[in-house]
Structure formats: C-alpha cells, structure tokens
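1. Test case, fold it:
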Amino acid sequence: MTDLEELKRKKLEEFQGQQQFDSEEAEIQQQITQIEILVKGVLTKKALERYGNLKTAHPELAVQLLVLLGQAVQSGQIKTVDDDALKNLLMRLQPKKHRFKMIRK
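-> Numbering: from 1, shown residues only. Just a heads-up that it's a prediction; the model follows:
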C-alpha cells in the first residue's frame with residue numbers, strides 16, 4: 001500500500017469516527033432537551049429563573065440537576081419544585097468546601 005493510499009484510509013477512518021461522534025452527541029442533546037421539557041413543567045417561576053441562570057453559568061451542573069429532577073418526576077416523587085427546594089438540591093450536588101482558619105503569630 002502506498003503512502004497516499006494509507007493517508008486516504010486514515011483520513012476516511014477519522015471522518016467516519018467524527019460522524020459517529022457527532023451523531024452520538026446529537027442524540028445526547030436530544031435526550032437532555034426532552035428531560036428539560038419534562039422538568040420545566042414542574043418548576044415554579046422563581047425556580048425556572050434560577051435554573052436558567054445555572055444553565056448559563058454552570059452547564060454541567062445544570063445537566064446533573066436535570067437528571068436528578070427528571071428521575072424524581074418520572075417516579076412520581078415530585079409534583080412541583082419551588083426555589084427553596086431547588087436551592088437545597090443544588091447544595092447537595094455541589095461538593096463541600098473546606099474552610100481554612102489562618103492563625104497569625
């Protein structure tokens with residue numbers, strides 16, 4: 001096999017891998033959108049506003065919250081979510097911060 005044929009084969013494999021990645025990414029985005037529609041139906045106005053701010057500032061955390069709320073809504077555990085309940089869920093999702101006390105001598 002010549003170098004040109006080998007290069008063409010590698011480029012074709014890269015292209016096919018990228019297409020598969022793009023289709024998987026689109027499928028995940030569609031699933032997130034469906035969960036978001038479901039969850040937005042149970043959020044109060046203030047909670048929806050907080051979610052929008054979270055989605056803008058921390059998209060990964062917003063997806064984690066969506067998955068958690070989506071599971072709770074689908075299982076029938078939650079009917080509505082107000083702002084305080086959303087805050088509590090966010091506090092549980094975020095890791096604890098360690099506080100350091102500095103002592104000067």
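2. Surely Asp82 and Ala47 touch.
-> Yes: look at Asp82 against Ala47 with CB atoms under 8 Å: they come within range, at 5.7 Å. For glycine as for every other residue, the C-beta is placed from the backbone atoms N, C-alpha and C.
3. In the helix or strand where Glu6 lies, which residues have enough neighbours to count as buried?
-> For Glu6, the host element (DSSP states H and E) is helix 3-40. The neighbour-count check on helix 3-40 (16 or more other CB atoms under 10 Å) flags Ile32, Ile35, Glu36, Val39 as buried.
4. Could you single out the nearest of these to Leu65?
-> For the buried residues of helix 3-40, the minimum distance to Leu65 (CB to CB) is 8.3 Å, reached by Val39.
5. was I right about the closest one contacting Val67?
-> No: applying CB under 8 Å as the test, Val39 and Val67 come out as separate, 9.3 Å apart.
6. So Leu86, which state does it fall into?
-> Look at Leu86: counting by DSSP: H, G, I helix; E, B strand; the rest coil, its state is helix.
7. so where's the chain shaky on pLDDT?
-> For the chain, the stretches with pLDDT under 70 are 1.
8. Find the centremost residue of it, please.
-> The centre of the chain sits closest to Val63, judged by CA atoms, centre = their mean, with a distance of 2.0 Å.
9. correct me, but that residue touches Ile32?
-> Yes: using CB under 8 Å, Val63 is in contact with Ile32, at 6.2 Å.
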